[in-house]
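Chemist: For reference, the sequence and a predicted model appear below.
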Amino acid sequence: MSNSHSKRNAVDAVRATTGAGHTEARRAASAARQRPMSDVDPIAVPAPVAVSVAQHLRAAGFHIAAVHQLGRDNGVLPQFRSDMVTGPAAQFGTALSQVSSRLTDLSTWSERTAHRSGAITCVPEHLSRSADSEAALRILYPELPDDAGGDRWCAKAGGRMPLPGEGHVEPSSDTVPWSARSLLPGAAPEWTLSAHGSGINVRSAGDVVPGTPSAAIWDANEHVHRYLSSWMSRAGDSPADLAAALDGLVALASALPKAIEMVSREIARRSKEGLLEGVDRQRLAQSAAKLTAMTAETAEDRVGQINHLRGAVHGIRRAVTGATAVLPPAPGMRAKLERIAPRFTGRSAAQLRTELGEEAFLQRQISRARPGDYSRHDLLERMLTWMHATGATEYDAAAHLAAENKAVTA
């Protein structure tokens, strides 16, 4: 609808409602357009409806904020407002800002409507919160059991809106990262914990650590192990996938030494202050020195520290920057591909990667009794390489076979 049509419809609506003349209706419609919703009188609706309106507007604000963040994270919008952008990106940012402003007005109006409707005892204040304001905010915007902080709701992966009538839930030790439901009793044991190992002096971490302070460390280990367990599909990863894995490993290489240092320093402090007996101080000092040499060596300028583990992983990441998939000439490849490629037309890269992984795992099992045949695996990898090289979102056998011809004749 054009702007002129929108204005005409607004004038007609005022005339139909009030019976005013055209000129008077036009002035009233113009004033209504310029008047922010935060100044519009609230209306009385059923309390559950008022609460639901406020919650949906809040969720819309979360989603707009998520769009802002996506734009900043991916270089579409500047990190700071003072940085200038031009073209479509500037218009995109301006539109988002306008939507955010309107949503703020609507949210303020919806809170006053919720008060008018009897859903809350006062209009909440977001900056200087009184006890009544806190109570009102908890009614309108409850924290959910699986969403500590209530800061994103359905704007995050796996998030959701509050259900009708669902009330505020105080964050528990399950949702607050620095809390714990229980602590492990007793002295440091002779036995050690393992995620997947077994033995006389080994206990299952899955049975012991859930809900304890170290649970986050074991959760991180489980996620890394999950990545390692997909070894059979690694040949199907795109160059960008491999680079993303290296970026994650750089982050791990930075965080892991800090976690180790945190625990070792706590042990040393307690031992020094007489709060912990039986510590082998010499071994602790030697091990800490080795860790420092690897991950926190003093730089030559004595200003910073050098994490050699992180530096090595970061170096690998720098080495692959800009690397792209290519399809090298392979005489005879087309004839081999013609037998199986057409049946995979329309498959996504992720689906082909799964097929590749299953084939690698199967041949790995077969090779325990007799030599495995990896010819089908190699063809699947070739098909994925073509997709990575061309950026295709779906496999196209005809286009791939044509590319194989060009690769051989080039």
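Modeler: Everything's here; your move.

Chemist: Low-confidence stretches in the stretch 251-400 of the chain?
Modeler: Low-confidence segments of the stretch 251-400 of the chain (pLDDT under 70): 299-303.

Chemist: for it, what spans make up the strands?
Modeler: 297-298, 305-306 (DSSP state E, counting those that start in this stretch).

Chemist: Contact partners for residue 355?
Modeler: By CB atoms under 8 Å, 6 or more residues apart in numbering, the contact set of residue 355 is 344, 347, 380. Using the backbone N, CA and C atoms, a C-beta is placed for each residue, glycine as well.

Chemist: In contact with the nearest residue to residue 338 once chain neighbours are set aside, which residues?
Modeler: With CB to CB, 6 or more residues apart in numbering as the criterion, residue 338 has its nearest non-adjacent residue at 6.6 Å, and that residue is residue 401. For residue 401, the contact set (CB under 8 Å, 6+ apart) comprises 334, 337-338, 341.

Chemist: before we move on, back to that, adding mean neighbour count and distance to residue 253, write the strands of the stretch 251-400 of the chain out as a markdown table.
Modeler: Below are those laid out as a markdown table (neighbours: other CB atoms under 10 Å; distance: least, CB to CB, whole Å):
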| stretch | mean neighbour count | distance to residue 253 |
| --- | --- | --- |
| strand 297-298 | 12 | 14 |
| strand 305-306 | 14 | 12 |
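
Chemist: Which one of those strands lies nearest to residue 217?
Modeler: With CB to CB as the measure, strand 305-306 is the member of those nearest residue 217 (22.4 Å).

Chemist: And the residue nearest to residue 338, how close does it get to residue 50?
Modeler: In this view, residue 401 and residue 50 are 62 Å apart by CB to CB, to the nearest Å.

Chemist: so residue 69 is in which element?
Modeler: helix 47-73 (DSSP states H and E).

Chemist: Packing partners of that helix?
Modeler: helix 88-116, helix 131-140 (3 or more CB pairs under 8 Å, 6 or more residues apart in numbering; DSSP states H and E).

Chemist: Rebuild those as TSV, extending it with mean pLDDT, mean neighbour count and distance to residue 330.
Modeler: Shown next, in TSV, are the helices and strands packed on helix 47-73 (pLDDT from 0 to 100; neighbours: other CB atoms under 10 Å; distance: least, CB to CB, whole Å):
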stretch	mean pLDDT	mean neighbour count	distance to residue 330
helix 88-116	87	17	42
helix 131-140	86	17	63
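
Chemist: With distance to residue 45 as added columns, please give the ones you listed in JSON lines.
Modeler: Shown next, in JSON lines, are the helices and strands packed on helix 47-73 (distance: least, CB to CB, whole Å):
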{"stretch": "helix 88-116", "distance to residue 45": "7"}
{"stretch": "helix 131-140", "distance to residue 45": "14"}
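
Chemist: what about those, which gets the closest to residue 207?
Modeler: helix 131-140 (36.8 Å).

Chemist: what packs against that closest one?
Modeler: helix 47-73, helix 88-116.

Chemist: could those be laid out in JSON lines, adding distance to residue 368?
Modeler: Shown next, in JSON lines, are the helices and strands packed on helix 131-140 (distance: least, CB to CB, whole Å):
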{"stretch": "helix 47-73", "distance to residue 368": "45"}
{"stretch": "helix 88-116", "distance to residue 368": "55"}
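
Chemist: For residue 199, find the nearest of those.
Modeler: Closest among the helices and strands packed on helix 131-140, using CB to CB: helix 47-73, at 44.7 Å.

Chemist: what comes up buried for the closest one?
Modeler: Neighbour-count burial for helix 47-73 flags 50-55, 57-62, 64-65, 67-68, 71 (criterion: 16 or more other CB atoms under 10 Å).

Chemist: angle of that helix against helix 131-140?
Modeler: Computed by axes from the mean of the first three to the mean of the last three CA atoms, to 10 degrees, the angle separating helix 47-73 from helix 131-140 equals 80 degrees.

Chemist: Helix 47-73 to helix 88-116, inter-axis angle?
Modeler: On the basis of the same axes, to 10 degrees, helix 47-73 is oriented at 160 degrees to helix 88-116.

Chemist: how far out from the middle of the chain is helix 47-73?
Modeler: Between the centre of helix 47-73 and the centre of its chain there are 18 Å (CA atoms, centre = their mean, to the nearest Å).

Chemist: Please apply the same query to stretch 68-82.
Modeler: Mean-position distance between stretch 68-82 and its chain equals 16 Å (CA atoms, centre = their mean).

Chemist: Could you export it as CSV, CA atoms only?
Modeler: Coordinates of each C-alpha in stretch 68-82 appear next as CSV, following Å, rounded to 0.1, in the frame of the first residue of the first chain:
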residue,chain,number,x,y,z
HIS,A,68,21.0,-6.5,15.0
GLN,A,69,23.5,-8.9,16.5
LEU,A,70,23.6,-11.0,13.4
GLY,A,71,24.2,-7.9,11.3
ARG,A,72,27.1,-6.8,13.5
ASP,A,73,28.6,-10.3,13.8
ASN,A,74,28.6,-10.8,10.0
GLY,A,75,29.9,-7.4,9.0
VAL,A,76,26.6,-6.0,7.6
LEU,A,77,26.2,-3.5,10.4
PRO,A,78,29.0,-1.6,12.1
GLN,A,79,30.1,-2.6,15.6
PHE,A,80,29.6,1.0,16.8
ARG,A,81,27.0,3.5,15.8
SER,A,82,29.7,6.1,15.1
